[in-house]
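S.K.: Could you work out the structure for the sequence below:
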Amino acid sequence: MKPCMSPKNREKIGCTSVDQKSQPLPQHIAAVSVPQSPLQSTSFPLIADPSAFYAPIGSYSPFPLTANPFAPYIPIRIGDSHPFDHHVSLAEYNRDIRGFPLNVFGFEGGGRMSNSLREEFAERYQSKPRLFRAPGRVNLIGEHTDYNDGFVLPVAIDRFTWVAAAPRSDHQLHVTSLAYDESAVFDMENPCPEPSGHWSDYVRGVATVLKQAGYPIAGANLMIKSTIPIGAGLSSSAALGVAVGKALAAMGGVDIAALDLALFCQQSENEFIGIRSGIMDQMIACLAQPGHALLIDCRSLESTPVPIDESKASIVVCNTKVKHALAGSEYNTRRLECEEGVKRLSLHIPEIRSLRDVSLSQFQPLSRDLPENIRIRCHHVITENQRVLAAIGCLQSGDLEAFGTYMGQSHQSLKDDYQVSCPELDVMVAIAAPMEGVYGARMTGGGFGGCTVNLIAPDAEENCRRQIKRSYHQKTGIDPDIYSCRSTGSAEEIKGDE
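M.R.: The predicted structure follows:
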């Protein structure tokens, strides 16, 4: 008999099924009336030359022999051997913009992993594994709306976290990170209730949540490797949790419904790791379809695949190669500010449960009485939800230019209102946005470094990539990574060569 979900997760679901076939927008979304240009009051031109806004302050420079205009932010260069990686603690280094682990799980740039991972597993554990993988994601639009019960539009990309797994005869989990060449062991009969600060917490948290929910979590050997550029805001931690969840369920001989698995993995991050993330990253990892983005209503958890014509728009991800030290604490702070906004606004609009329930017309006359930090946080979330719904119509009608306009407005709001951008992200967007063939560009992920997502006409992609790489290096001294991505499907077991 399949175990029941916890009451907490049962309450979170709010619906009994998810239809993953391409379909018209849900009625409650399609019925929303969004003006053709709903954000005229918040539409700002992109910065033509963002370097003019940053004066060198000079107390710290990660760029040897060059002036560093971004010194106050103390960038942390993401890489295996950069000499400045150790200006922060190991705990900080091992977390990305939402507190997720950096690349402790191994990295191979593209290519097929299945054979090499099977061979490495067999050599270490002397047994034949089953292979599982879950995708990373970029969010096309709808940033920091997920934990405000809002709307998001992520797409799963062809970068994966892989887990090789085989059962054990005891109740222990043995987990190996190929990047660290390091293993962790814990006993599922007596799991530690508190996180240890080690990378293996992300595995142990999922195992603990599934066991508490009544699933038969048996002993297993696990080996983890990744092609997701981790630390870049591409949902490496959700991919890890979902891939581990798939593997552990298979080792226990059970199948966990996709939405249930997403909720369990979110619960692990929220309650075990302590990151108050929304549901977007786990849902896209569990429910993605090739050739589609996924419109997610983060309150009802209803999801609708939205086709993307990748013959007309390539998904290009530009990695700034920085992660700022303030990122770890600011994610939870933003969520608390939004909750405070709801509390204050509910004194005037008692029926609201979250910022999702507040319209811009309701918000504007009340906003003058809010503290400035609360006002601008709320303004971002309310207008970002409008942008998502407006942008959906553009994508469905094939109006990529209009969709790109909403992407630009989203980035400006994240920079000015939510204040989660950084100079490097702003430079990357300002370089790409005006280029011929670029429909739109914006930061993606939690912010404070990481990546931008760009929609680019395929015939312009090669030239744009070359120009972006050159210009970004000229302005920052950093050589960025640029990835051409294809949409992909959800987490799965790989039974043959892949």
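S.K.: use CA for all of it now, contacts and neighbours both
M.R.: Noted.
S.K.: what's the spacing between the helix ranked longest in the chain and its chain's center?
M.R.: Identified as the longest helix of the chain according to DSSP state H is helix 372-397. In terms of CA atoms, centre = their mean, to the nearest Å, the centre of helix 372-397 is found 18 Å from the chain centre.
S.K.: ok, V342 touching D357?
M.R.: No - contact status for V342 versus D357: not in contact, 9.4 Å apart, counting by CA atoms under 8 Å.
S.K.: the more surrounded of these two?
M.R.: V342 (23 against 16; other CA atoms under 10 Å).
S.K.: How much space separates the more buried one from R335?
M.R.: 11 Å (CA to CA, to the nearest Å).
S.K.: Tell me where the stretch 51-200 of the chain has strands.
M.R.: In the stretch 51-200 of the chain, the segments counted as strands under DSSP state E, counting those that start in this stretch are 75-77, 130-139, 151-152, 154-167, 172-177, 182-187.
S.K.: other SSEs contacting the longest one?
M.R.: So that's strand 154-167. When contacts are defined as 3 or more CA pairs under 8 Å, 6 or more residues apart in numbering; DSSP states H and E, strand 154-167 packs onto helix 114-125, strand 130-139, strand 220-226, helix 236-251, helix 280-287, strand 292-297.
S.K.: any idea which of the ones you listed scores lowest on pLDDT?
M.R.: Looking at the helices and strands packed on strand 154-167, the lowest mean pLDDT belongs to helix 114-125 (a mean of 92).
S.K.: Summarise which helices and strands that one is packed against.
M.R.: Using 3+ CA pairs under 8 Å, 6+ apart, helix 114-125 sits against strand 154-167, strand 220-226.
S.K.: Can you list the buried residues in that helix?
M.R.: 114, 117-118, 121 (16 or more other CA atoms under 10 Å).
S.K.: The helices and strands packed on strand 154-167 into a markdown table, with extra columns for distance to C451?
M.R.: Below are the helices and strands packed on strand 154-167 laid out as a markdown table (distance: least, CA to CA, whole Å):
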| stretch | distance to C451 |
| --- | --- |
| helix 114-125 | 27 |
| strand 130-139 | 9 |
| strand 220-226 | 17 |
| helix 236-251 | 13 |
| helix 280-287 | 15 |
| strand 292-297 | 18 |
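S.K.: all helices in this protein, in order from the N-terminus.
M.R.: Going by DSSP H, the chain shows helices at 7-13, 27-30, 90-93, 114-125, 201-212, 236-251, 258-267, 280-287, 327-345, 360-367, 372-397, 400-416, 423-432, 461-476.
S.K.: the inter-axis angle of the longest one versus helix 400-416?
M.R.: Helix 372-397 and helix 400-416 meet at an angle of 170 degrees, taking axes from the mean of the first three to the mean of the last three CA atoms, to 10 degrees as the criterion.
S.K.: Return the list of helices and strands in contact with helix 372-397.
M.R.: Looks like helix 372-397 contacts strand 151-152, strand 303-307, helix 327-345, helix 360-367, helix 400-416 (3+ CA pairs under 8 Å, 6+ apart).
S.K.: Ranked by average pLDDT, which of these falls at the bottom?
M.R.: Minimum mean pLDDT among the helices and strands packed on helix 372-397: helix 327-345, a mean of 88.
S.K.: Report all helices and strands that it contacts.
M.R.: Helix 327-345 packs on helix 372-397, going by 3+ CA pairs under 8 Å, 6+ apart.
S.K.: how much space between V254 and E351?
M.R.: 41 Å.
S.K.: Just want to know which of those two has more residues nearby.
M.R.: Taking other CA under 10 Å, V254 and E351 do not tie; V254 has more neighbours (16 against 11).
S.K.: Distance of that one relative to I217?
M.R.: The value you get for V254 to I217, if CA to CA is used, is 9 Å.
S.K.: That's all I had, so thanks and see you.
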